[in-house]
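> Okay, sequence plus prediction incoming.
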Amino acid sequence: MKVSLAFLNIIFFTFFSSHALADNVELNNKIGVKLGKKIDTVKKSSFPGLYEVTSEGKILYVDESLKYIFSGNIYDIDKRKNITQERLKIVQMIDFKSLPLQNGIQTIRGKPKKTIVVFSDPNCKFCQQLEKNLESLSDVKIVTFLYPILSDDSAIKSRDIWCSQSSTG
């Protein structure tokens, strides 16, 4: 397994650093200023001397002195698992209850026992196939949020869908 020189520098520095920032709020502010980004969370990582920083749905690691930043995955060799990816799954989770379901296009089939949320671009062939597959479900409420990202006319098509009579009920 190859280890980068920058990673070895981080390891060396974090083990021999004498300046620990005990206050996460202070660390959060300092990191935000240094990176010029809004920092969502700062917490001690499972790796001694490193802090896990979440910002814009991504995970970065910084040492206690804020001299080094590490952008990449940390692996637990013994357990053979990617620690960063496991944390990223948690960081990027969206609380279903926080979604503004009332703002989506709602399709109700039968007496809904479950709600499914779909994010869809009008130009996405995979989205269109998913929508066809969802037609076979019964007793379900499907809430579709238009997410026009594939091309310029995706936004125009999304607007037309939102403004059509059939999308209101």
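Yep, it's here.
> Got phi/psi on the spatially most central residue of the chain?
Central residue of the chain (CA atoms, centre = their mean): residue 92, 2.9 Å from the mean position. Dihedral angles of residue 92 (phi, psi; degrees, to the nearest 10) stand at phi -90, psi 0.
> Tell me where the model's unsure across this protein.
By pLDDT under 70, the weakly predicted segments of the chain are 1-24, 165-169.
> Could I get the full set of strands for it?
Under the criterion DSSP state E, the chain contains strands at 41-44, 50-55, 58-63, 69-70, 75-76, 81-82, 105-109, 114-120, 140-146.
> what's the closest of those to residue 32?
Among the strands of the chain, the nearest to residue 32 by CB to CB is strand 50-55 (8.2 Å). In this view, the C-beta of every residue, glycine as well, is placed from N, C-alpha and C.
> Restricting to C-alpha, output the closest one in CSV.
What follows is strand 50-55, C-alpha atoms only, in CSV (Å, rounded to 0.1, in the frame of the first residue of the first chain):
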residue,chain,number,x,y,z
LEU,A,50,-7.0,14.9,13.4
TYR,A,51,-10.3,16.6,13.3
GLU,A,52,-13.0,15.7,10.9
VAL,A,53,-14.5,18.7,9.2
THR,A,54,-17.7,18.6,7.2
SER,A,55,-18.4,21.3,4.7
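> That strand versus strand 58-63: what angle between them?
With axes from the mean of the first three to the mean of the last three CA atoms, to 10 degrees applied, the angle from strand 50-55 to strand 58-63 works out at 150 degrees.
> ok, residues contacting strand 50-55?
Strand 50-55 is touched from outside by 10, 14, 24, 27, 31, 35, 37-45, 59-64, 70, 87, 91, with contacts defined as CB atoms under 8 Å, 6 or more residues apart in numbering.
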